[in-house]
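A.B. asks: I would like to see how this sequence folds:
(2 chains)
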Amino acid sequence: MKRYLGLIIVVLMTAFASSYLHAEKVADPNGTKTGNITNVTAKTAGQPTVAELGDEVGHNKIATNLVWLLLCGFLVFFMQAGFALVETGFTRAKNVAHTMAMNLFVYPAGMLAFYVCGFAIMFGGVGALGTLGGFDGLNQEVSVNLFGHVFGLFGTKGFFMNGMTDVAVLGFFVFQVVFMDAAATIPTGAMAERWKFASFAIFGFIVGGLIYPIFGNWVWGGGWLATLGSNFGFGHGHVDFAGSSVVHLTGGVLAFVGAKMIGPRIGKYNRDGSPNAIPGHNIPMAVLGTLVLAFGWFGFNSGSTLAGADLRFSVVAFNTMIASCGGALTATLWMWFVRGKKPDVSMMCNGLLAGLVAITAPCAFVTPFGGLMIGLISGIIVVEVAFFVERKLKIDDPVGAIAVHGANGIWGCLALGLFADGTYGDGLNGVAGSVTGLFYGGGSGQFVAEFIGVATNLVFVGLCGWLVFKLLDIFVGNRVKPDVELVGLDVPEMGAEGYSGIKMDKNAETPQSR
Amino acid sequence: MKKIEAIIRTSKFEDVKQALREVGIDFFSYWDATGVGNEVKKAEHSYRGTVYDTSYIPRQLLTIVVRDINVDKTVDAILKAAKTGIIGDGKIFVSPVDESYRIRTEEKGDTSLYNTENK
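C.D. replies: Below you'll find the model as predicted:
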C-alpha cells in the first residue's frame, strides 16, 4: 500500500503543477489558436510595425528552407545505411565485416576530405546562397577565359570551413557532404570482396576531396558546365537537379574503372568466359537496404530544391516515387519473361534503385507521365547493362553498381533533355525561361547540354579514377592476395569475422572455375 | 549389436522418427549430411540471370546402434517410412559393433544400450 501512496502523491502533484502552469493561457486542443500576432517579435508586443512583420516573415521563410534542407540532409545521410545493407547483402558471408567497414569508413574519410578542401573546391565560388538568406562568402571561382567566354574550373573559398561560421553555409555543408558520401560509397560495391582496405581508405579521401568536388563545381558550383547555357545557348547549361551525373554517374564511372582494373573475383568466370553465379548471402538485408535507400531518396531529390518554400518539392517527391515504381516493375518483368525464368530479387532491387537514379536529374522538370516513362525505361536499361557488363565486358560487379548508377546516371541526364516539360527552372544557371526538353518543343539545346555533361563526366572522372587506382596499385596494391580472398577478407583484413561463431555453408565458398 | 546408418530425405525425417518410435526405437543420433548422387535436379537455382548448380544434395544421416534382435524391425521401419519411390530416397547400411559402454555406469554389452530387455 505504501508504494501506491507514493505514486498517488506524485500523480496529484503533477496534475496540480500542470494546471497551475497552464492557468494563464487557455488550452488549445485543435491548434487553431496557437500562434498569432503576439508571437511576432516586436517592440510593442501585439502591435508589430510593417518592417517588423516583414522581418519576421522573411526570417520564417529562410527558417523553413533551412529546416527542409537539413531534414532532407538527414534522410540522405541514412542512405549510407542503405548502401551498406545492399552491398553486404549481395556479397558473401565471409566478407561482411570488410564490406560493412568500407561503407562505414567512407563516411568519415570522405567527410574529412570534404571539410579540408572538397567543399571549397566545389562551392567556393557558388555565390550567394539565395534560398538560405543570401550569405555570399563563397565568392571566388578560378576560371579561364577561352573564346571570349568564362570557364569556371574550381572554387577557392572555404578551405577548412575557414570564415564559414554561418548558419546557412554550415547547414549547406551538412546537406552536401552526404551527397558526396553517396558517390564515394558506390565503387565499394562494384569492387567488394577483393579490395584491399588500405587502398580503399586512401581512395575515400581522394574522391571526397578532389574528384567529386571538381566535377561537382562544374555543375552545381557555377563552373563551366552550368554556364553552357548562358555562354553558348545550350538550354540552361548542364542541368542536374539532384545528382544523376554529379553523384551517381561519378560513382558509377569510378565503379566501372575500379572493377575493370581490379579484375573479377576468383571463380567468377570459367575458362570459356561464361560467368558463374556468386549468390549474395543475405537477400533480406539487401531488400531492406534497397528500401532504406528509396526512403532516403525522398530527401535526396526533394531536398535539392534547397528550399522548403519552393513547393515544387512535392512534384519532385511524386516523380521520385513513380520512377522507382517504373524501374522496379520493368526490371522484374524483363528478368522474369525476357532474360530469365524467375523474377530475380537482386534485379528487383537494382530496378527500384535504377528508377531512382534515373529520375534524380529530371525529377523537378518532368510531368508525372514523364517520370513514369523514365522509370520504366530505366528498369530495362539496368538489366541489359548488368548482363552486358558481366557477359560481354567480363567485368565482375557483385552488386550491379555500374548498371544502376553508371548507366542510369547517363539515362537520367539525357532524359532531362528529352522530357523536361517547360514549367520550372526560370532563371536557372542565369538563363531566362523554363527548362524545356526535346519532346516538349524546347529544341535540342538542353539535350546537347546534358550530353556534354555526361561525356565530360565519363572522360574526366574516368581518367581521374584510372590515375588514382593506378597509383594506389603501385604504392599500396588494390587487390588482396588470392588466399585471403578464398578464406574471406574479414579476418585477414579486418581482424575478426563479421559473423563470429557461425559456421559458413557451401554457399559461402568460391565457385570452381571450369 | 549392430550399427544401422540411414541416409534419408530431409523431408522424410519426421516420418522416420515417428516410425522408429512406434517400433520402440527412440534413441538415435542424426546429422545434417550433404552429398552428391544420382538425383536428377532441375536447374532451379538462378542468381542475376545465371543458372547455377548448388552441386550438393541435403540429406539427414541417422546412426542407430541396436541389439541383434531389433535390427530387422528397425530397418523395416526406416524402409517403409522413408520411401517415396523416386531416385534419391537414400541408403541404409548395417554393420557390426564390437563393444558398447555406458559411461555413467560403466556397463558394457547389450545392457549398456537400453535399460529394458526387449529393446
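
A.B. asks: Which neighbours in the sheet does the top strand by length along chain B have, and how are they oriented?
C.D. replies: Secondary structure of chain B per DSSP state E: the longest strand is strand B:57-66. With DSSP bridges as the test, strand B:57-66 is paired with strand B:2-9 (antiparallel), strand B:29-35 (antiparallel).

A.B. asks: for those strands, which one sits closest to A:Leu428?
C.D. replies: Ranking those by proximity to A:Leu428 (CB to CB) places strand B:29-35 first, at 61.7 Å. C-beta here means a position set from N, CA and C on the backbone, and glycine is covered the same way.

A.B. asks: That closest one: which residues count as buried?
C.D. replies: By neighbour count with 16 or more other CB atoms under 10 Å in any protein chain shown, strand B:29-35 contains the buried residues B:Ala33.

A.B. asks: cool, and stretch A:467-485?
C.D. replies: For stretch A:467-485, by 16+ other CB under 10 Å, it's A:Val468, A:Phe469, A:Leu472, A:Asn478, A:Arg479, A:Val480, A:Val484, A:Glu485.

A.B. asks: sorry, back to before: weakest of the strands paired with strand B:57-66 by average pLDDT?
C.D. replies: Of all the strands paired with strand B:57-66, strand B:29-35 carries the lowest average pLDDT, namely a mean of 88.

A.B. asks: name the element the closest residue to chain B within the stretch 351-500 of chain A belongs to?
C.D. replies: Proximity of the stretch 351-500 of chain A to chain B (CB to the nearest CB) peaks at A:Phe387, 6.3 Å away. In the assignment (DSSP states H and E), A:Phe387 maps to helix A:368-387.

A.B. asks: Show me what that helix packs onto, helices and strands only.
C.D. replies: Counting contacts by 3 or more CB pairs under 8 Å, 6 or more residues apart in numbering or on different chains; DSSP states H and E, helix A:368-387 is packed against helix A:313-333, helix A:345-360, helix A:408-419.

A.B. asks: Most tightly packed of the ones you listed?
C.D. replies: helix A:345-360 (a mean of 31; mean count of other CB atoms under 10 Å in any protein chain shown).

A.B. asks: Show me what that helix is packed up against.
C.D. replies: Helix A:345-360 makes packing contacts with helix A:283-302, helix A:313-333, helix A:368-387, helix A:408-419 when contacts are defined by 3+ CB pairs under 8 Å, 6+ apart.

A.B. asks: how about low-confidence regions in chain B?
C.D. replies: Residue ranges of chain B with pLDDT under 70: B:38-43, B:54-55, B:115-119.

A.B. asks: quick one: the strands in it?
C.D. replies: Under DSSP E, chain B gives strands at B:2-9, B:29-35, B:45-47, B:50-52, B:57-66, B:90-96.

A.B. asks: what comes into contact with the second one?
C.D. replies: In this case it means strand B:29-35. With contact meaning CB atoms under 8 Å, 6 or more residues apart in numbering or on different chains, strand B:29-35 is reached by A:Lys506, B:Ile7, B:Phe13, B:Tyr56, B:Ile57, B:Pro58, B:Arg59, B:Gln60, B:Leu61, B:Leu62, B:Thr63, B:Ile64.

A.B. asks: Equivalent analysis for the longest one, please.
C.D. replies: Residues lying outside strand B:57-66 but in contact with it, judged by CB under 8 Å, 6+ apart, are B:1-10, B:13, B:16, B:20, B:25, B:27-37, B:39, B:41, B:74, B:78, B:88, B:90, B:97, B:100, B:113, B:119.

A.B. asks: switch the cut-off to 7 Å
C.D. replies: The contact list for strand B:57-66 (CB atoms under 7 Å, 6 or more residues apart in numbering or on different chains) reads B:1-10, B:13, B:25, B:28-37, B:39, B:74, B:88, B:90, B:97, B:100, B:113.
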